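Asks: A predicted structure for the sequence below; I have some questions about it.
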Amino acid sequence: MSFHVRRKDREITDCEELRQVLKRTKYVTVALCMQDEPYLVSLSHGYDEAKNCVYFHCAPEGKKLEFLKANSRVWGQALLDFGVTEECDYAYTSVHFSGKMQLIDDLPEKQHGMEVLVRQVSLNPEAKLAKIKPERLETITMGRIDIDYMSGKKHLIPKN
Ligand SMILES: Cc1cc2nc3c(=O)[nH]c(=O)nc-3n(C[C@H](O)[C@H](O)[C@H](O)COP(=O)(O)OP(=O)(O)OC[C@H]3O[C@@H](n4cnc5c(N)ncnc54)[C@H](O)[C@@H]3O)c2cc1C
């Protein structure tokens, strides 16, 4: 079955605008599924525009990794939350995406993913990156979501 944003007046169709939401947000919320059981986690992320993928890091074990082993297809959301308006409506811009999630073993890619991630989520990225030496990076679990679909919706975004 195929679905589209019902409210055409709120739909974001410009690819660059969709990508900017993934670039401006600090985390994505990702839905996983194993044997008809849903699960979701929020993950701090870095969006790589050139590769259209999201990088994240996590603990080496846990429920989400068991779900990932069983089924690598994920659905995700990135949200710019502008809160409740004077009229008691809700102002937001959000992007939904689907893709395949996998862990990364390749050290140069981990280095690249970590740079993308830290530059996006940190106020002082260079100082933080300087502390992450290759031997430490080897012990860090990192993953990537390759995005194959995106949709966007915005409602009452503030002018500034
Ligand atoms: C804004 C934000 C950013 C985050 N960024 C990252 C990140 O970059 N990397 C990362 O690994 N994690 C991040 N987290 C935490 C993440 O959402 C998960 O809590 C964490 O990854 C553990 O997931 P797990 O499946 O391994 O949990 P497990 O420790 O295996 O937990 C199993 C059970 O604990 C409960 N549980 C797990 N997490 C939560 C939770 N957050 N709240 C309530 N109950 C929970 C669930 O019921 C689950 O069934 C972030 C959370 C938030 C809110």
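Replies: Sure, I can see it. Residues are numbered from 1 along each chain as shown.

Asks: now whichever residue of the chain sits closest to the ligand: how far from residue 75?
Replies: In the chain, the residue found nearest to the ligand is residue 62; the distance is 2.1 Å by C-beta to the nearest ligand atom. (C-beta placed from N, C-alpha, C; glycine too.) For residue 62, the distance to residue 75 (C-beta to C-beta, to the nearest Å) stands at 19 Å.

Asks: neighbour count winner among these two?
Replies: Higher neighbour count among residue 62 and residue 75: residue 75, with 16 against 12, using other C-beta atoms under 10 Å.

Asks: list the contacts for the more buried one?
Replies: 30, 31, 96, 97, 98 (C-beta atoms under 8 Å, 6 or more residues apart in numbering).

Asks: now do 6 Å
Replies: 31, 98 (C-beta atoms under 6 Å, 6 or more residues apart in numbering).

Asks: beta partners of it?
Replies: When assigned by DSSP bridges, residue 75 has beta-bridge partners residue 31, residue 98.

Asks: just the pLDDT for the residue nearest the centre of the chain.
Replies: The centre of the chain sits closest to residue 28, judged by C-alpha atoms, centre = their mean, with a distance of 3.8 Å. Looking at residue 28, its pLDDT stands at 98.

Asks: and if you look at residue 158?
Replies: 71.

Asks: that one: how many residues sit nearby?
Replies: 8.

Asks: residue contacts, it?
Replies: Per C-beta under 6 Å, 6+ apart, neighbours of residue 158: residue 82.

Asks: ditto for residue 157
Replies: 91, 93.

Asks: my read is it is in a helix, agree?
Replies: No - secondary structure assignment (DSSP: H, G, I helix; E, B strand; the rest coil) places residue 157 in coil, not in a helix.
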